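In: no FASTA, just this:
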């Protein structure tokens, strides 16, 4: 398990507020979940390349992959696309006198 | 700094592949970035509620905020916006005729 004291110390570098121990627990849980998912995706990446070792680039790809999936998921969830397109057209046609 | 040996041990729970030390470094960097951004967003949350303590609920959903920031950062970095707008206009004007 990740050391809570260390996680709290790093948090303290970025805030002057107090930090409840449940907040540290919650962040530790999130970080461990990210380690799990990142490792699984990195493993897939390495196996696709027929490597037996996970490299730094597998980890990098994987955060980007997570982001890409999230963006696609969001774009599929939103119903605002027609509104966005209309907005773009409004801005362009405002060039007409 | 997060202990690399611990991060590697947790990774090992999710893969049988070898893990290069650069891969561990890369993941530690990512985790520390997540601690930073999560703490900053949690602080904002707590301050909005006029609290002096960051609570567990401030941490939840912060990961989404991190992704949101990343998406905005990407959109600011890309120089493809004019191309995208032209593409949209092409699709719309193809309705002519």
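Out: Received, thanks. Because the structure is predicted, anything quoted here is derived from the model rather than measured. Residues are numbered from 1 along each chain as shown, chains lettered A, B, ... in the order given.
In: Return the set of buried residues in stretch A:19-35.
Out: A:19-20, A:23-24, A:26-28, A:30-32, A:34-35 (16 or more other C-beta atoms under 10 Å in any protein chain shown). Yep, even glycine has a C-beta here, placed from its N, CA and C like the rest.
In: That stretch near chain B anywhere?
Out: Yes - using C-beta under 8 Å from any C-beta of the partner chain, stretch A:19-35 reaches chain B at A:19-20, A:22-23, A:25-27, A:30-32, A:34-35.
In: which other residues reach that stretch?
Out: A:1-2, A:4, A:7-8, A:11-12, B:7, B:10-11, B:14, B:27, B:30-31, B:34-35, B:38-39, B:42, B:53-56, B:58-60, B:62-63 (C-beta atoms under 8 Å, 6 or more residues apart in numbering or on different chains).
In: Show me the longest helix that occurs in chain A.
Out: Ranked by residue count, the top helix of chain A under DSSP state H comes out as helix A:21-48.
In: Next SSE downstream of it?
Out: strand A:53-54 (DSSP states H and E).
In: strands paired with that next one, and their directions?
Out: strand B:18-19 (parallel) (DSSP bridges).
In: so for the partner strand, what's the average pLDDT?
Out: Averaged across strand B:18-19, the pLDDT comes to 97.
In: For the spatially most central residue of chain A, give its distance to chain B.
Out: Residue closest to the average C-alpha location in chain A (C-alpha atoms, centre = their mean): residue A:67, at 5.1 Å. The gap separating residue A:67 from chain B is 6 Å, by C-beta to the nearest C-beta, to the nearest Å.
In: dump the residue contacts of that residue.
Out: Residue A:67 sits next to B:67, B:70-71, B:74 when contact means C-beta under 8 Å, 6+ apart.
In: ok, of the residues you listed, which come out buried?
Out: Buried among the contacts of residue A:67 (16+ other C-beta under 10 Å): B:67, B:70.
In: I'd like to know which of the contacts of residue A:67 is nearest to residue A:79.
Out: When the contacts of residue A:67 are ranked by distance to residue A:79 (C-beta to C-beta), residue B:71 comes first, at 18.3 Å.
In: after the helix or strand harbouring the residue nearest to the centre of chain A, next one along is what?
Out: Secondary structure assignment for residue A:67, by DSSP H and E: helix A:56-77. Once helix A:56-77 ends, the next helix or strand along the chain (criterion: DSSP H and E) is helix A:81-93.
In: Which of the residues in that following helix are classified as buried?
Out: Here helix A:81-93 shows no buried residue, counting by 16+ other C-beta under 10 Å.
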